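Peer 1: got a sequence here, can you build the structure:
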Amino acid sequence: MSKEKEFLVQDLTIDDEYATISANASVQEAAKKMKENGIPDLVVLDDDNMYQGVIADFDIVTNMVAEGLSSESKVTELMYTIEPVTKSTTVSEAFSRMRDLDVSIVPVVENDEVVGVATITDCWGYLPEKYEDLKGLIAVSNPRFANYSFTLLMSVLYLFFGIFAPLIGIVGYLKAPIASQGGFTATYYLFEARGASFWMRFIDIQGQYGALWLLLSVYGVAFIVLSLVSVYAIFQWAYADYKMIKINKNWQAIGVLLGLLSIIVEWLLFISFDFMDVLRVSNVQIDFGGFLFSVIAVICLLAAVSRDYVFRETAVTTKEE
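Peer 2: Numbering: from 1, shown residues only. Coordinates of the predicted model:
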């Protein structure tokens with residue numbers, strides 16, 4: 001049985017038009033050089049033109065603020081150090097070094113001189129089959145695209161079941177009879193309550209408990225905003241993963257936490273109200289349909305960030321030599 005060819009870095013298109021910066025330069029100088037050249041990374045060299053590390057725009061944006069560093073700080077304070085590769089290094093090894101550090105490029109060195117850089121995106125297409133995604137249940141030819149599409153679909157379903165359904169009146173949160181309306185049962189949605197011949201907005205309800213109805217309306221707006229931010233964060237993470245772009249891993253966690261908390265807090269606001277006292281009625285019940293839709297929304301949200309367990313790469317059959 002023949003083995004898959006193990007490609008070397010020399011098989012890649014090595015970018016030999018990379019830009020460098022002195023280890024003595026400031027972060028501000030690095031940022032200006034990146035802007036002038038329209039590039040996100042600079043290779044850091046010492047006075048003898050020996051490789052020191054790499055500084056990326058991402059490092060400047062995040063680490064400088066987080067560490068409280070001045071723009072006059074040396075680039076060596078923000079750069080990341082990745083062991084360079086040679087042209088005879090395997091693509092698998094080069095890819096592993098970038099993947100383990102979550103960075104986008106690795107310098108290529110020959111005879112102690114940097115001759116170019118290799119990108120993680122270039123390496124991806126030259127990996128042997130041992131790097132195929134085998135975790136998922138469904139075999140597809142392009143699992144990265146399938147995972148990305150699945151995340152988008154699950155995020156849209158989360159928005160529909162979690163937000164749009166109670167917003168447009170498909171399902172609600174509570175059901176309760178309205179004594180002043182001849183005993184008709186009303187369903188309480190995101191911003192309003194409606195029955196067979198009854199409709200009112202929470203913000204229009206006055207009286208002793210007016211502040212509570214106003215709180216429901218205000219949080220209803222916050223609920224929509226937080227959920228949209230949640231989906232945006234997940235989109236950012238999914239797109240970066242699909243394109244193999246370096247991005248803060250917190251986007252995924254932010255998306256999940258905001259999505260879950262927004263739904264949980266909305267339900268807590270409704271069920272924490274003493275509706276029997278507020279509405280002066282008995283038989284206040286949770287809308288089963290609304291609760292089911294919220295559960296489905298949560299499942300969709302969790303599925304969106306667990307998509308790696310759904311798809312795997314179609315196995316490639318090896319051939320006899």
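Peer 1: CA only for contacts and neighbour counts going forward, please
Peer 2: Noted.
Peer 1: just the helices from this structure, written as ranges.
Peer 2: 27-37, 57-67, 91-101, 120-124, 143-159, 165-168, 210-243, 250-272, 275-278, 288-304 (DSSP state H).
Peer 1: which one of these lies nearest to residue 177?
Peer 2: helix 275-278 (10.2 Å; CA to CA).
Peer 1: could I get the average pLDDT for the closest one?
Peer 2: What helix 275-278 shows for mean pLDDT is 59.
Peer 1: of all the helices of the chain, which one is nearest residue 186?
Peer 2: Among those, helix 275-278 sits nearest to residue 186 (CA to CA), with 12.6 Å.
Peer 1: lowest average confidence across helices and strands of this protein, where is it?
Peer 2: helix 275-278 (a mean of 59; mean pLDDT, DSSP states H and E).
Peer 1: need the helices of the chain in a markdown table (columns: mean neighbour count).
Peer 2: As requested, these are exported to a markdown table (neighbours: other CA atoms under 10 Å):
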| stretch | mean neighbour count |
| --- | --- |
| helix 27-37 | 17 |
| helix 57-67 | 14 |
| helix 91-101 | 18 |
| helix 120-124 | 18 |
| helix 143-159 | 21 |
| helix 165-168 | 18 |
| helix 210-243 | 19 |
| helix 250-272 | 17 |
| helix 275-278 | 13 |
| helix 288-304 | 20 |
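Peer 1: worst average pLDDT in those helices?
Peer 2: Lowest mean pLDDT of the helices of the chain: helix 275-278, a mean of 59.
Peer 1: if we can go back for a sec, is it possible to export the helices of the chain to a markdown table including distance to residue 187?
Peer 2: Output for the helices of the chain, formatted as a markdown table (distance: least, CA to CA, whole Å):
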| stretch | distance to residue 187 |
| --- | --- |
| helix 27-37 | 56 |
| helix 57-67 | 46 |
| helix 91-101 | 51 |
| helix 120-124 | 52 |
| helix 143-159 | 21 |
| helix 165-168 | 10 |
| helix 210-243 | 15 |
| helix 250-272 | 12 |
| helix 275-278 | 13 |
| helix 288-304 | 10 |
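Peer 1: residue 83: which of those helices is closest?
Peer 2: Comparing the helices of the chain by CA to CA, helix 91-101 comes nearest, at 7.5 Å.
Peer 1: which elements pack onto the closest one?
Peer 2: Counting contacts by 3 or more CA pairs under 8 Å, 6 or more residues apart in numbering; DSSP states H and E, helix 91-101 is packed against strand 105-110, helix 120-124.
Peer 1: quick check: closest non-adjacent residue to residue 151.
Peer 2: residue 304 (4.3 Å; CA to CA, 6 or more residues apart in numbering).
Peer 1: swap that for residue 9, please
Peer 2: residue 87 (4.8 Å).
Peer 1: can I assume that neighbour is in contact with residue 111?
Peer 2: No - counting by CA atoms under 8 Å, residue 87 stays clear of residue 111, with 10.9 Å between them.
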